[in-house]
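Q: starting from these lines, generate the structure:
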Amino acid sequence: MPTALSEEVQLRVKILFKAEERAFASELLASDCGNNLPFCANSTPSELDRIRCAALKLSEGEIAKLKKAVVLAKLDWRDLLVAAGFADDVYAHEQWFPD
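A: All right, here's what the predicted structure looks like:
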């Protein structure tokens, strides 16, 4: 069951991706980067923001890179947080905003 995206994640998707790619990027995050992740079964959309923002940051607005980031999240989302620079500060994702 897909997990809804928070408004903050939706905003970042809108900024990063072209209009024709936004629906796919959003669906990928909702269905493959949500409550299906290890230890995230009961997480709310806002509790998933840190992981999803990490995936978005690494995507650099490219669907192929977003897919790779989601695969990494499924393997171990902590590695995704490290790669995005969000591992040491639980609020770092809130400070990150795409250009």
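Q: how about low-confidence regions in this structure?
A: By pLDDT under 70, the chain has no low-scoring segment.
Q: 80 instead?
A: 1 (pLDDT under 80).
Q: mind listing the helices for it?
A: Using DSSP state H, the helices of the chain run over residues 7-16, 19-32, 49-59, 63-84, 92-95.
Q: looking at those helices, which is buried most?
A: Burial of those is given as mean neighbour count (mean count of other CB atoms under 10 Å); helix 49-59 ranks first at a mean of 24. C-beta coordinates here come from the backbone N, C-alpha and C atoms, glycine included.
Q: which other helices and strands does that helix contact?
A: helix 7-16, helix 19-32, helix 63-84, helix 92-95 (3 or more CB pairs under 8 Å, 6 or more residues apart in numbering; DSSP states H and E).
Q: what lies in contact with that helix?
A: 5-6, 8-9, 12-13, 16, 25, 29, 33, 37, 40, 65-66, 68-70, 72-73, 77, 80-81, 83-86, 90, 92-94, 96, 98 (CB atoms under 8 Å, 6 or more residues apart in numbering).
Q: okay, the angle between that helix and helix 63-84?
A: 120 degrees (axes from the mean of the first three to the mean of the last three CA atoms, to 10 degrees).
Q: let's have the chain start at 40 instead
A: Sure, I'll start counting at 40 from here, so that last one is helix 88-98.
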